[in-house]
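Undergrad: I'll drop the sequence and a predicted model, then ask my questions.
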Amino acid sequence: MEARLRSADDVHKRKLQKIKIEVVKPVQQPFHEKSTRLKLHPLKLMLFVLVTATFLILLSTPNGCRRNNSSQPSSKPHLVDRWWVWGVSDPRYASDTVVNWDDVSVVVNGLAENKKIQTTGLLNFDEVEIRQWRKMVPEANHIVLHLDHAEQNVTWESLYPEWIDEEQLYATPSCPSIPKLDVPRKPIDLIVVKLPCNGNWTRDVARLHLQLSAASLAASAKGTRPVHLLLITRCFPLPNLFTCRELVARKGSVWLYKPNLNVLRQKLQLPIGSCELALPFGSKGESGKPEREAYATVLHSAYVYVCGAIAAAQSIRMAGSTRDLVILVDNTISEYHRSGLAAAGWQVRTIERIRNPKAEKDAYNEWNYSKFRLWQLTDYDKIIFIDADLLILRNLDFLFRMPEISATGNNGTLFNSGVMVIEPSNCTFNLLMDHINEIESYNGGDQGYLNEIFTWWHRIPKHMNFLKHFWIGDEAKVKQRKTDLFAAEPAVLYAIHYLGYKPWLCYRDYDCNWNVDILQEFASDAAHGKWWRVHDSMEAELQELCLLKSKQKAQLEWDRRQAAAAKYSDGHWQIEIRDQRQKRCTDRLCDWKDWVVDNRYPLYNASECPFVEQGFNCLANGRPDRDYVKLRWKPERCDVPRFNVDGALEMLRNKRVVFVGDSMGRTQWESLICLLMTGVRDKTSVFEVNGNAITKQIWFLGVRFGSFNFSVEFYRSVYLVQHSWSAKRAPKRVRSTLRLDRLDDISAEWSNADILVFNSGQWWVPGKLFGTGCYFQVGHTLKLGMSIPMAFRTALQTWASWVDATINPNRTSVFFRTYEPSHWRNLTLRECDVPNQPLSEAIGEGNNSFSDAIFDVVKRMTVPVTVLHITPMSAFRSDAHVGTWSDNPSLSDCSHWCLPGVPDVWNEILLSYLHATYTSTLSQRARSNSTITSCSR
């Protein structure tokens with residue numbers, strides 16, 4: 001440590017001492033007194049030669065090597081900076097950038113003060129370049145600046161260690177010492193530096209050293225005379241040392257700055273790296289200007305963080321801050337959620353998302369570069385960004401006195417972007433955008449990218465962004481210390497950053513991370529309870545935005561069962577859930593009657609889709625009105641993403657989609673194919689694999705999308721279980737039976753699908769069963785007295801057992817669509833009316849007992865299943881049935897649907913859930929429990 005703390009003078013003296021030894025030692029051999037007298041004159045001659053040679057070397061060496069005269073301009077030509085003479089050559093400081101003197105001339109001559117330049121300071125240039133400077137600005141004095149190089153043991157890792165002893169339990173953190181620049185006595189108007197830009201330029205000690213030295217020289221200026229810095233580099237300078245708002249001109253690799261010297265002096269008080277904690281700046285000055293400061297966060301692509309953002313706002317106010325709260329949201333955040341955010345105190349601003357060009361399509365990190373929009377909040381001077389999964393426990397306003405970028409350490413030499421101080425600037429935003437195609441993010445996300453841009457960051461205490469994370473390998477006393485910090489009252493921590501499952505996605509009874517093996521390191525009941533105390537202080541209307549979706553409740557139950565089966569020693573899986581949200585169905589927030597006119601519909605022309613049955617193409621069959629095809633389902637409090645054909649095609653690439661069910665399932669199958677075909681240029685690449693026409697009776701239909709290597713298949717299985725002819729000894733009225741305990745013979749064809757969509761129900765009616773002599777059978781026993789609802793439930797249990805035993809949830813996403821409403825005026829007479837507009841209330845044969853059975857069976861399954869509960873939303877749409885506009889106008893049909901029409905919306909919902917599935921991690925997909933899209937029954 002002492003070696004690292006040596007001053008620049010000590011380093012210089014040590015170097016001179018080494019030089020003296022190297023030069024003098026060869027002539028200071030141990031002589032006897034007599035022989036010394038005999039060789040007196042030759043020794044004097046040798047000493048004279050050495051002194052003379054040294055003097056000549058000093059005369060021919062540039063000022064960079066003559067320490068005592070480094071502040072004096074020289075009228076003689078400057079020779080090359082001969083570091084090799086001193087034996088301390090350091091390739092770290094060498095720059096291979098070829099100076100474009102035309103660019104330099106343009107930039108320098110563009111200075112308003114160029115005629116007033118009296119003195120330039122030149123750092124890190126060679127002899128030829130120094131001569132060129134003298135020619136370019138002949139009227140000015142030119143000082144070659146001297147800077148000792150940092151020692152070899154000063155590495156980036158020593159400047160930015162992964163961990164420092166912030167509490168000083170064992171030692172006081174300190175940074176390595178680096179030599180300081182000799183400050184000339186004569187004022188300098190223009191400081192010119194040539195920077196190295198090598199492979200690892202972003203984290204380069206020499207590059208940092210040169211920039212800080214130039215900044216220090218500029219900050220030493222006295223009086224009001226302006227000082228400019230000109231940096232020559234192929235890589236951009238430190239953007240938070242030399243800010244782009246101070247950039248006067250740039251041409252090629254030439255960057256000219258006019259820094260704010262007062263601000264620069266403050267920055268230079270900071271530690272050189274994250275090896276020490278940075279302290280807030282002192283007084284902000286006496287400008288009298290109102291504070292332009294705000295807390296900010298970003299929500300994009302996922303409404304699930306809305307509750308977290310509301311709690312974060314509540315916690316900031318509870319901590320005593322009165323600063324503005326700004327939240328940036330994209331168009332995926334609904335008006336309902338925006339109104340809740342506004343009620344919580346956020347100023348809601350809409351942004352356009354920024355795509356990460358290096359992310360996979362629909363990946364979790366596809367749009368996380370949207371965070372860069374924070375730098376466009378130029379109506380503020382300082383922003384404290386907080387992730388939406390943070391809880392503020394103590395006032396963080398003092399961070400507004402910190403510079404950009406101030407943050408806590410993450411790992412290695414990197415910072416965590418969950419809490420960070422930034423200074424908005426359109427110029428910085430442009431810098432971020434200019435390099436998104438070339439810079440690699442270590443984690444594929446915005447945090448990794450920002451770490452590549454802002455390598456000179458400043459460490460704030462970890463208590464400002466304390467990760468809820470018990471590292472594997474932590475000793476018991478370390479874990480207890482963290483638990484005590486989470487539970488401390490009054491709070492010791494300033495902010496808790498919730499990793500793993502978020503508190504609002506768990507029941508309040510305990511931290512649900514306990515129930516997932518790979519997430520237990522994020523589990524803390526103490527931290528969990530802290531969040532819920534903030535939740536309870538929120539208005540009831542805001543708490544409504546923290547209710548659980550049925551999908552999440554099912555996942556929590558799945559995780560609990562897995563923990564129980566593994567008998568996790570913490571025992572949380574045994575705790576009884578008393579959270580009232582367990583019995584609240586958030587999906588009831590959806591207003592199913594909200595069908596709205598959208599002139600962008602229909603999404604396809606059925607006459608141009610060869611896979612639509614003629615009987616469902618109502619417009620081609622003469623239906624005169626078109627209003628029914630221009631309706632989009634837009635519930636007030638639910639988000640159904642608009643159909644994106646390109647995204648859907650890419651999502652399904654290399655996959656196998658299988659529909660299993662009755663003619664209603666076939667209608668949905670036809671709808672999906674037509675939707676997807678709108679994005680296929682070569683229509684001939686889409687074909688039925690067996691060349692079959694689309695008919696009602698064929699048991700298998702498969703359409704292949706050759707350009708994307710996926711198939712969409714339909715298997716006709718109206719009951720899902722086996723339909724067999726009766727035994728000889730059966731009563732005469734029994735002509736056939738449904739084997740309720742055996743799945744359909746063709747079930748083996750379904751098991752290796754990537755996406756499975758089931759439906760059944762339309763054939764479970766007396767006319768198609770008892771009216772045709774079809775009764776129920778379990779094993780070898782006929783169940784003549786079994787009711788249809790009971791038989792349907794029994795068949796579903798057989799189906800569920802097959803799914804649990806056969807389906808690999810890591811590969812296959814399973815869906816079950818509920819019963820489709822019919823709108824018959826007289827079913828017996830097959831009479832119905834098809835109005836021009838949807839009904840004002842839900843009417844129709846919804847068959848809720850079937851839906852109840854589906855929900856009850858699915859929630860007991862172990863393999864995740866998503867229930868597409870389309871019954872309530874379809875109950876309003878009597879206007880969308882085929883009616884008499886089929887291929888047989890003599891018959892009315894108020895069961896089937898026109899295409900395009902309502903089945904398209906079912907597929908939009910299906911695709912939205914598939915999108916959510918395939919953008920989550922594999923482990924999350926495997927843990928997703930039986931899920932339900934709606935509770936409106």
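TA: Good, I have the coordinates.

Undergrad: What is the burial count for residue 469?
TA: The criterion is other Cβ atoms under 10 Å. On that basis, residue 469 has 16 neighbouring residues. To be clear about C-beta, it is placed using only N, CA and C from the backbone, and glycine gets the same treatment.

Undergrad: just the one 3 residues further on next, same as before
TA: Neighbour count of residue 472, defined by other Cβ under 10 Å: 7.

Undergrad: repeat for residue 731
TA: As a burial measure, residue 731 scores 11 neighbours (other Cβ under 10 Å).

Undergrad: you'd agree it is in a helix?
TA: No - with DSSP: H, G, I helix; E, B strand; the rest coil as the criterion, residue 731 is coil rather than part of a helix.

Undergrad: pLDDT wise, what is it at?
TA: Listed pLDDT for residue 731 reads 88.

Undergrad: now do residue 127
TA: Residue 127 carries a pLDDT score of 92 in this model.

Undergrad: swap in residue 41?
TA: pLDDT, residue 41: 54.

Undergrad: List the contacts of residue 474.
TA: Taking Cβ atoms under 8 Å, 6 or more residues apart in numbering as the criterion, residue 474 is in contact with residue 482.

Undergrad: what are the ranges of the strands in the stretch 651-800 of the chain?
TA: Per DSSP state E, counting those that start in this stretch, the stretch 651-800 of the chain carries strands over the ranges 656-661, 686-688, 700-705, 710-716, 721-725, 736-743, 755-759, 774-778, 781-783.

Undergrad: Equivalent analysis for the stretch 201-350 of the chain, please.
TA: Listed in chain order, the strands found in the stretch 201-350 of the chain under DSSP E, counting those that start in this stretch are 228-232, 247-251, 254-257, 293-299, 324-329, 347-350.

Undergrad: how about a markdown table for the ones you listed, with mean pLDDT, distance to residue 486 and mean neighbour count added?
TA: Formatted as a markdown table, the entries for the strands of the stretch 201-350 of the chain read as follows, by pLDDT from 0 to 100; distance: least, Cβ to Cβ, whole Å; neighbours: other Cβ atoms under 10 Å:
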| stretch | mean pLDDT | distance to residue 486 | mean neighbour count |
| --- | --- | --- | --- |
| strand 228-232 | 97 | 46 | 24 |
| strand 247-251 | 94 | 44 | 16 |
| strand 254-257 | 96 | 45 | 23 |
| strand 293-299 | 98 | 22 | 23 |
| strand 324-329 | 98 | 25 | 22 |
| strand 347-350 | 98 | 31 | 14 |
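
Undergrad: Redo these as TSV? Include distance to residue 814.
TA: Formatted as TSV, the entries for those read as follows, by distance: least, Cβ to Cβ, whole Å:
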stretch	distance to residue 814
strand 228-232	60
strand 247-251	57
strand 254-257	58
strand 293-299	30
strand 324-329	33
strand 347-350	36
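
Undergrad: Those strands: which one's closest to residue 405?
TA: Taking Cβ to Cβ, strand 293-299 is the member of the strands of the stretch 201-350 of the chain nearest to residue 405, at 14.3 Å.

Undergrad: List just the one of the strands of the stretch 651-800 of the chain that sits closest to residue 210.
TA: For the strands of the stretch 651-800 of the chain, distance to residue 210 was read as Cβ to Cβ. The smallest value, 55.4 Å, belongs to strand 710-716.

Undergrad: Could I get the CA-only coordinates of the closest one as CSV?
TA: Included here for strand 710-716 are C-alpha records, laid out as CSV according to Å, rounded to 0.1, in the frame of the first residue of the first chain:
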residue,chain,number,x,y,z
PHE,A,710,-43.3,-24.5,-39.0
SER,A,711,-46.6,-26.3,-39.3
VAL,A,712,-50.1,-25.5,-38.0
GLU,A,713,-52.2,-28.7,-37.7
PHE,A,714,-55.7,-29.7,-36.8
TYR,A,715,-56.9,-33.0,-35.4
ARG,A,716,-60.6,-33.7,-35.3
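
Undergrad: and the nearest residue to residue 271 once chain neighbours are set aside, which of the three is it?
TA: With Cβ to Cβ, 6 or more residues apart in numbering as the measure, residue 175 is the residue that lies nearest to residue 271, at 5.1 Å, once sequence neighbours are left out. Following three-state DSSP, the label given to residue 175 is coil.

Undergrad: nearest to residue 166, of the strands of the stretch 201-350 of the chain?
TA: Of the strands of the stretch 201-350 of the chain, the one closest to residue 166 (Cβ to Cβ) turns out to be strand 293-299, at 23.5 Å.

Undergrad: Make sure residue 687 is actually in contact with residue 704.
TA: Yes - under the criterion of Cβ atoms under 8 Å, residue 687 is in contact with residue 704, at a separation of 6.0 Å.

Undergrad: Is the residue nearest to residue 594 when sequence neighbours are not counted inside a helix or a strand, and which specific one?
TA: Distances taken as Cβ to Cβ, 6+ apart place residue 635 nearest to residue 594, at 4.7 Å, with adjacent residues excluded. Following DSSP states H and E, there is no helix or strand that holds residue 635.

Undergrad: Please tell me how far residue 635 sits from residue 881.
TA: When distance is defined by Cβ to Cβ, to the nearest Å, residue 635 is 22 Å away from residue 881.

Undergrad: Repeat that for residue 535.
TA: Computed with Cβ to Cβ, the distance linking residue 535 and residue 881 is 46 Å.

Undergrad: Of those two, which one has the most company?
TA: residue 881 (29 against 19).

Undergrad: measure the nearest residue to the more buried one once chain neighbours are set aside to residue 387 for me?
TA: Of all residues beyond its chain neighbours, the one nearest residue 881 is residue 894 (4.6 Å), with distances taken as Cβ to Cβ, 6+ apart. Residue 894 sits 51 Å away from residue 387, going by Cβ to Cβ.

Undergrad: List every C-alpha atom in the helix or strand containing residue 541, with coordinates, as CSV.
TA: Under the criterion DSSP H and E, the helix or strand holding residue 541 is helix 540-543. In CSV, the C-alpha atoms belonging to helix 540-543 read as follows (Å, rounded to 0.1, in the frame of the first residue of the first chain):
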residue,chain,number,x,y,z
ALA,A,540,-57.3,1.5,-1.9
GLU,A,541,-57.6,2.5,-5.6
LEU,A,542,-53.8,2.1,-6.0
GLN,A,543,-53.8,-1.2,-4.2
